[in-house]
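Undergrad: quick one, fold the following:
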Amino acid sequence: METTFNLKHIIDQIVKEKGIDRHIVVEALEQAVLTAANKKFRNTRDLEAHYNPEVGEVELFEFVTVVDEVQDSYKEIDMEEAREIDPDVEVGDSLGMKLDASGFTRIAAQTAKQVIIQKVREAERETIFNEFKDRIGELVTGVVRRFEKGDLVIDLGRAEAVLSHKEQAPREVYRQGDRVKTLITDIRMTPKGPQIVLSRTHPGVLAKLFEAEVPEIAEGIVEIKAVVREPGSRAKIAVYSHDSDVDPVGACVGMRGSRVQNVVSELRGEKIDIIPWSDDAARFACNALQPAVVSKVYIDDENRSMEIIVADDQLSLAIGKKGQNVRLAAKLTGWRIDIKSETTAAEAELLQYSSYDGATEEVAEEAAQAVETEGEAVAEEQVEA
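TA: Have a look, this model is predicted:
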């Protein structure tokens, strides 16, 4: 009676603590008993093991086929002997007989332990994979557990994940036990189990941080149209409001800049430009180049390129340090952007007109010479006539 209670208790405990389906645990027990029995009988018999929840034990059955003449005594039984067990059997029927499993209970228990451990591990891996595959693109908070060749192993509670060195923002330093917010970018099933891939450099990190800070974004009133980053340095985010009464930039900045400052702090001081999105490419490009002020925009739709003219004192601001501002603006808009100062543009325009005028004089001179030559030829033809 004690064995029965213990077996039921073991199953209930595994199901509760590990969150594993009861069917999987029962199947593991049945497989363990069957493996032990087959080992004892050297795989000579047709055996099946079934857990009986009413008595709380795994029962073992041997199956034999009813035949007229027995050739394999382990798997066949003659009609006469079979009808002593079941008077209604016919030739070809399969007859099941319960065996005493007590002879290998200890071996079965040891085998069951290993099988259950393996089944539990497989089930846990499957559960984790199924849980996190639907969470790709989600921002999660974890604890730094250890370092592996520059990569961080992050504890997410139910599972561990990897924040590789290349997915860490420059100049960010972590210590064991630090809490860190990351984006789940992928999950892969490997021989060692599911591998959850994290990132701190993905543009989605910035988008999700704003979504958490700005209720208007979470409610769908303000929409994030595009995000570009040079992690740890600077980022631009384009936002649009579906409500004319709500300023998308103001909503993201927050009272006295509180909302954007929280995001900046989380990204360790990364500078963030919040840009009002526009479906007008020229206007959007002008917005994207903020804080620089644009004077003129020339668009080449065919090549998706723009020539943008700015005042001389705005040129360095528009280009940015090492070209960062214009580079991010080009990524944000999806257009090729060429920036010129008003002086440079004026000089280029003057040079273009100068070249054009010179070309006109040459053409006029060539045309005059052609007319004169043609006139001489006509006159000669008239004299000869």
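Undergrad: could you pull up phi and psi at the closest residue to residue 15 other than its chain neighbours?
TA: Ranked by CB to CB, 6 or more residues apart in numbering and with sequence neighbours excluded, the top spatial neighbour of residue 15 is residue 22, at 5.0 Å. Using the backbone N, CA and C atoms, a C-beta is placed for each residue, glycine as well. The phi/psi pair for residue 22 (degrees, to the nearest 10) reads phi -60, psi -40.
Undergrad: roughly how far does residue 22 sit from residue 127?
TA: 14 Å (CB to CB, to the nearest Å).
Undergrad: have a look at these two and say which one is more surrounded.
TA: residue 127 (17 against 12; other CB atoms under 10 Å).
Undergrad: how about the helices in the stretch 101-250 of the chain?
TA: Assigned by DSSP state H, counting those that start in this stretch, the stretch 101-250 of the chain shows helices spanning 105-133, 203-213, 215-218, 248-253.
Undergrad: re earlier: the residue nearest to residue 15 touches residue 10, doesn't it?
TA: No: with contact defined as CB atoms under 8 Å, residue 22 does not count as touching residue 10 (11.6 Å).
Undergrad: name the residues contacting each of these two.
TA: Applying CB atoms under 8 Å, 6 or more residues apart in numbering, one finds that no residue jointly contacts residue 22 and residue 10.
Undergrad: report the central residue of this protein.
TA: residue 185 (2.8 Å; CA atoms, centre = their mean).
Undergrad: and that residue, what does it touch?
TA: With contact taken as CB under 8 Å, 6+ apart, residue 185 is in contact with 136-137, 167, 197-199, 202, 204.
Undergrad: selection in ChimeraX covering whichever of those are buried, please.
TA: If you want just the buried ones from the contacts of residue 185 in ChimeraX, going by 16 or more other CB atoms under 10 Å, the selection is:
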select :167,197,198,199,202,204
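Undergrad: from the contacts of residue 185, which land in strands?
TA: Of the positions in the contacts of residue 185, 197-199 sit in strands, assigned by DSSP state E.
Undergrad: kindly indicate which of those lies nearest residue 141.
TA: Comparing these against residue 141 with CB to CB places residue 198 closest, at 11.0 Å.
Undergrad: touching, that closest one and residue 163? I think so.
TA: Yes: between residue 198 and residue 163 a contact is recorded at 4.3 Å, counting by CB under 8 Å.
Undergrad: give me the common contacts of these two.
TA: 154, 182.
Undergrad: where in the stretch 201-350 of the chain is pLDDT low?
TA: For the stretch 201-350 of the chain, no stretch is flagged by pLDDT under 70.
Undergrad: host element of residue 71?
TA: Counting by DSSP states H and E, no helix or strand carries residue 71.
Undergrad: contacting residues around residue 304?
TA: Residue 304 neighbours (CB under 8 Å, 6+ apart): 334-336.
Undergrad: ditto for residue 250
TA: Contacts of residue 250 (CB under 8 Å, 6+ apart): none.
Undergrad: from residue 265, how far off is it?
TA: 20 Å.
Undergrad: count of residues packed around the residue nearest to residue 294 when sequence neighbours are not counted?
TA: Of all residues not flanking residue 294 in the chain, residue 286 sits nearest, at 4.4 Å (CB to CB, 6+ apart). For residue 286, the count of nearby residues is 23 (other CB under 10 Å).
Undergrad: report the secondary structure state of residue 286.
TA: helix (DSSP: H, G, I helix; E, B strand; the rest coil).
Undergrad: please apply the same query to residue 61.
TA: strand.
Undergrad: identify the bridge partners of it.
TA: Residue 61 has these beta-bridge partners by DSSP bridges: residue 48, residue 98.
Undergrad: for residue 303, which non-adjacent residue is closest in space?
TA: According to CB to CB, 6+ apart, the nearest residue to residue 303 is residue 336 (7.1 Å).
Undergrad: what is the burial count for residue 269?
TA: Burial measure for residue 269: 10 neighbouring residues, criterion other CB under 10 Å.
Undergrad: picking up where we left off before, now the contacts of residue 185 as CSV including distance to residue 271?
TA: Listed next are the contacts of residue 185 as CSV, based on distance: CB to CB, whole Å:
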residue, distance to residue 271
136, 28
137, 25
167, 20
197, 27
198, 23
199, 20
202, 18
204, 19
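Undergrad: quick one, domains of this structure?
TA: 2-131, 139-199, 202-277, 289-366 (automatic domain parsing).
Undergrad: for residue 15, give me its contacts.
TA: Taking CB under 8 Å, 6+ apart as the definition, contacts of residue 15 comprise 21-22, 25.
Undergrad: same deal with residue 172?
TA: Residues near residue 172 by CB under 8 Å, 6+ apart: 200, 232, 268.
Undergrad: and what of residue 277?
TA: Contacts of residue 277 (CB under 8 Å, 6+ apart): 225-226, 238-240, 248, 284, 287.
Undergrad: recalculate using a threshold of 10 Å.
TA: 223-226, 237-241, 248-249, 283-284, 287-288, 332-333 (CB atoms under 10 Å, 6 or more residues apart in numbering).
Undergrad: do the same with residue 218
TA: 210-212.
Undergrad: at 6 Å what do you get?
TA: residue 211 (CB atoms under 6 Å, 6 or more residues apart in numbering).
Undergrad: mind exporting stretch 340-349 as PDB, just the C-alpha atoms?
TA: Extracted in PDB, the C-alpha atoms of stretch 340-349 (Å, rounded to 0.1, in the frame of the first residue of the first chain):
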ATOM      1  CA  LYS A 340      25.500  71.300 -49.600                       C
ATOM      2  CA  SER A 341      25.900  74.700 -48.100                       C
ATOM      3  CA  GLU A 342      24.200  77.700 -49.800                       C
ATOM      4  CA  THR A 343      27.700  79.100 -50.800                       C
ATOM      5  CA  THR A 344      28.800  75.800 -52.400                       C
ATOM      6  CA  ALA A 345      25.400  75.400 -54.200                       C
ATOM      7  CA  ALA A 346      25.600  78.900 -55.500                       C
ATOM      8  CA  GLU A 347      29.100  78.400 -56.800                       C
ATOM      9  CA  ALA A 348      28.100  75.200 -58.400                       C
ATOM     10  CA  GLU A 349      25.100  76.800 -60.000                       C
END
